[in-house]
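Asks: Can you look at this prediction? I've put the sequence above it.
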Amino acid sequence: MLQLTNLTHVYPNGTKALDGVNLEIPKGMFGLLGPNGAGKSSLMRCIATLQTPSSGSIQFGDIDVVKQPEKLRATLGYLPQDFGVYPRVSAYELLDHLAVLKGIANAGERKDTVETLLAQVNLWGVRKKAVAGYSGGMRQRFGVAQALIGNPTLVIVDEPTAGLDPEERNRFNNLLAEIGENVVVILSTHIVEDVADLCPRMAIINNGKIVQTGAPLELSREL
Ligand code: ADP
Ligand code: ADP
């Protein structure tokens, strides 16, 4: 379980992006819903140890995330809102390289890891093609494969279905639902349907504050 206590983040220009966030996130898919500028990305970046919150604490199991960022990183999968891809390099080559960076040194183990992930995200048929040529949906699924290297127990997905057509969105959401069976997955989005379809629990954030938590059905009157 992930526990956020009194989390506040103020940017150097004075913008208070997070204002006393208290939140408990259990295993499974958890939706974080809020309009643009609500503070979703700021919250995801704090949890992903990409920025240090101004105050408050983040606890994941026995890991104090603010004090032990390297411990969290070892078990984190992060799919940021915009991730760059290298031109001309294939999905297989990129995943293999990232697996090396994640410390999977044994070539046989790496081959198993990369092949399993490519099949899981349904990119096996295009594994030798350049990621730069992929469609939006294919890129997002590649992003998931990237985030899952090394079997993370906490997976953060930031605005994943923006710009996807309905069929790609469905396919992507099914993939997330599979992953969510075993680990904590936080889905940050402004799209109500993604949360309603996928997440047994959710929170609504606005102006840096959690304004509601519960099951999507309970909250449907607010949405
Ligand atoms: P969301 O992801 O929900 O759109 P963000 O976390 O990106 O929200 O932004 C929350 C608030 O913080 C907004 O007012 C945004 O303009 C501001 N903000 C985000 N990043 C920065 C930054 N690097 N410097 C200053 N203000 C920022
Ligand atoms: P599917 O899994 O049903 O084939 P995808 O979304 O994975 O759907 O791919 C859509 C189509 O684009 C597929 O037919 C795929 O073969 C084709 N495609 C193959 N190689 C590439 C490439 N390098 N860039 C973009 N599209 C490609």
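Replies: Yep, that arrived. Numbering: from 1, shown residues only. Ligands and ions are numbered 1, 2, ... in the order given.

Asks: tell me which residues in the helix or strand of the chain with the lowest mean pLDDT are buried?
Replies: Ranked by mean pLDDT, DSSP states H and E, the helix or strand of the chain with the weakest confidence is helix 216-219, at a mean of 79. Residues of helix 216-219 classed as buried: P216, L219 (neighbour count, 16 or more other Cβ atoms under 10 Å). C-beta here means a position set from N, CA and C on the backbone, and glycine is covered the same way.

Asks: try stretch 58-74
Replies: Applying 16+ other Cβ under 10 Å to stretch 58-74 flags I58, F60, I63, V65, V66, P69, K71, L72 as buried.

Asks: Stretch 18-34 too?
Replies: Buried residues in stretch 18-34, counting neighbours by 16+ other Cβ under 10 Å, are found at L18, D19, V21, L23, I25, G28, M29, F30, G31, L32, L33, G34.

Asks: residues in this protein within reach of ligand 1, list them.
Replies: The chain comes close to ligand 1 at residues Y11, N13, T15, A17, G34, N36, G37, A38, G39, K40, S41, S42, as judged by Cβ under 6 Å from any ligand atom.

Asks: so K71 makes contact with G61?
Replies: No: the criterion here is Cβ atoms under 8 Å, and K71 misses it with G61 at 9.7 Å.

Asks: so can I have CSV of the buried residues of stretch 58-74 showing secondary structure?
Replies: As requested, these are arranged in CSV below (DSSP: H, G, I helix; E, B strand; the rest coil):
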residue, secondary structure
I58, strand
F60, strand
I63, strand
V65, coil
V66, coil
P69, helix
K71, helix
L72, helix
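
Asks: now, which of those sits nearest M1?
Replies: Closest approach between these and M1, by Cβ to Cβ: F60, at 7.7 Å.

Asks: Run through the bridge partners of the closest one.
Replies: L2, I63 (DSSP bridges).

Asks: repeat for L23
Replies: Beta-bridge pairing of L23 under DSSP bridges involves L4.

Asks: what's the burial count for A107?
Replies: For A107, the neighbour count with other Cβ atoms under 10 Å is 11.

Asks: The nearest residue to G34 once chain neighbours are set aside is in what secondary structure piece?
Replies: Spatial nearest neighbour of G34, excluding adjacent residues (Cβ to Cβ, 6 or more residues apart in numbering): I205 at 3.9 Å. Assessed by DSSP states H and E, I205 sits inside strand 201-206.

Asks: Quick check: buried residues in that strand?
Replies: Buried positions in strand 201-206, judged by neighbour count with 16+ other Cβ under 10 Å: R201, M202, A203, I204, I205.
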